[in-house]
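K.L.:
Need coordinates for the below:
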Amino acid sequence: MDWFPLYVKDIMMSRKVSKMSNEEFGIYMKLLCHQWLDGPLPKDMEELANMCGCVVGAMVTAWEHLGLCFKEYKEGYLNTFLEEVRIEQKNRSEKASRAGRMGAEAMWAKKREAGKRNAEAMPPLSRTNGNLMPVEKRREDKIKVVKEAIKVEGALCPVCKEWCAEILEPMKGGIPALIKCQKCGYTNETQ
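P.N.:
Next up is the predicted model:
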């Protein structure tokens, strides 16, 4: 975790902190930051001084007050309150992560289910000119195009052998149902 809450009131009301000089307080804050990022602090005063950017003598002198805020363990020095905060933050983070994961799973399950319902409700699609459209619409469009072409071109008159016949009724099985030739007057209705 990259951050920790700073309980300002607790720090300012602490008797241990109130006895620190400004230099000691700065060292104290640096040590808390190092503990938060790296865990237990080293027991060696020279290492602590290097971590805080001060000389060993200043660290030894400051430790008279700082040492009261840290407890010595086998692994090194720890501020126990900061470790309690770490555990609390870790638990919150894990809880939020679980809740987020569960929320995401529920959302995706809902979207998958909605997708299934939408897929069942939609007519089959066909790709025409790069656009998706329902198959029925595609068929209707093809029939319309054929009808338009026949209107423009007319039909072939079997008598005068020219494209001069007008289609009076739509096609049945690819053949115009009723045609009338403009040139010779032929209609297939009379047959």
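K.L.:
residue ranges of the helices in the chain, please?
P.N.:
With DSSP state H as the definition, the chain shows helices at residue ranges 8-13, 15-18, 22-38, 45-52, 56-66, 80-121, 135-153.
K.L.:
If you average pLDDT over each of those, which is lowest?
P.N.:
Here the lowest mean pLDDT among the helices of the chain goes to helix 135-153, at a mean of 57.
K.L.:
Output the helices of the chain in JSON lines; the columns should cover mean neighbour count and distance to Asn188.
P.N.:
(Each C-beta comes from the backbone N, C-alpha and C, glycine too.) Below are these laid out as JSON lines (neighbours: other CB atoms under 10 Å; distance: least, CB to CB, whole Å):
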{"stretch": "helix 8-13", "mean neighbour count": "10", "distance to Asn188": "99"}
{"stretch": "helix 15-18", "mean neighbour count": "12", "distance to Asn188": "108"}
{"stretch": "helix 22-38", "mean neighbour count": "16", "distance to Asn188": "94"}
{"stretch": "helix 45-52", "mean neighbour count": "17", "distance to Asn188": "103"}
{"stretch": "helix 56-66", "mean neighbour count": "16", "distance to Asn188": "110"}
{"stretch": "helix 80-121", "mean neighbour count": "11", "distance to Asn188": "44"}
{"stretch": "helix 135-153", "mean neighbour count": "12", "distance to Asn188": "14"}
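K.L.:
With distance to Met1 added, can I get those helices in a markdown table?
P.N.:
What follows is the helices of the chain, written out as a markdown table (distance: least, CB to CB, whole Å):
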| stretch | distance to Met1 |
| --- | --- |
| helix 8-13 | 19 |
| helix 15-18 | 23 |
| helix 22-38 | 7 |
| helix 45-52 | 19 |
| helix 56-66 | 23 |
| helix 80-121 | 6 |
| helix 135-153 | 56 |
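K.L.:
Among those, which comes closest to Lys74?
P.N.:
Closest to Lys74 of the helices of the chain is helix 80-121 (CB to CB; 14.4 Å).
K.L.:
Please tell me how far Glu105 sits from Pro40.
P.N.:
According to CB to CB, to the nearest Å, Glu105 and Pro40 sit 37 Å apart.
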